[in-house]
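Asker: A predicted structure for the sequence below; I have some questions about it.
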Amino acid sequence: MPGKSPYPAELRRRAVRMVAEVRPDYPTEWATINAVATKLGIGTAETLRTWVRQAQIDEGSRPGRTTEESAELKRLRRENAELRRANEILKAASAFFAAELDRPHTHS
């Protein structure tokens, strides 16, 4: 379950667990999610539905990118951007020093 949420991680885990536990009491998964979201004061049922889907992906019962894989991908993208910036700085410095070496120097 990804990070930046106004809901504490424990509430998210509890809500997902509750959906699984009370699912047999409702005619559809959506009805279950709506009931649990209302009971726990979660803004919208859609929010809870995304938590349930991500939990299913994380446990391997649904295809998709796990929370861990998403975090690693985000980290690698950030690192890649940082390396690109560093590379641009090095290219600029290299061009500057190469130009300095090509200039004729007058010794006094």
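Answerer: The structure has been received and is ready for your questions. Numbering: from 1, shown residues only.
Asker: in which helix or strand would I find Arg53?
Answerer: Per DSSP states H and E, Arg53 falls inside helix 45-59.
Asker: That helix - what's its average pLDDT?
Answerer: If you average the pLDDT over helix 45-59, you get 96.
Asker: Run through the neighbouring helices and strands of the next helix or strand after it.
Answerer: Later in the chain than helix 45-59, the nearest helix or strand by DSSP H and E is helix 67-102. When contacts are defined as 3 or more C-beta pairs under 8 Å, 6 or more residues apart in numbering; DSSP states H and E, helix 67-102 packs onto helix 45-59. Just so you know, the C-beta spots here come from the backbone N, C-alpha and C atoms, and that holds for glycine as well.
Asker: least trustworthy helix or strand in this protein by mean pLDDT?
Answerer: helix 67-102 (a mean of 93; mean pLDDT, DSSP states H and E).
Asker: how far does that one sit from the chain's center?
Answerer: The chain centre lies 22 Å from the centre of helix 67-102; the measure is C-alpha atoms, centre = their mean, to the nearest Å.
Asker: List the buried residues of it.
Answerer: Ser70 (16 or more other C-beta atoms under 10 Å).
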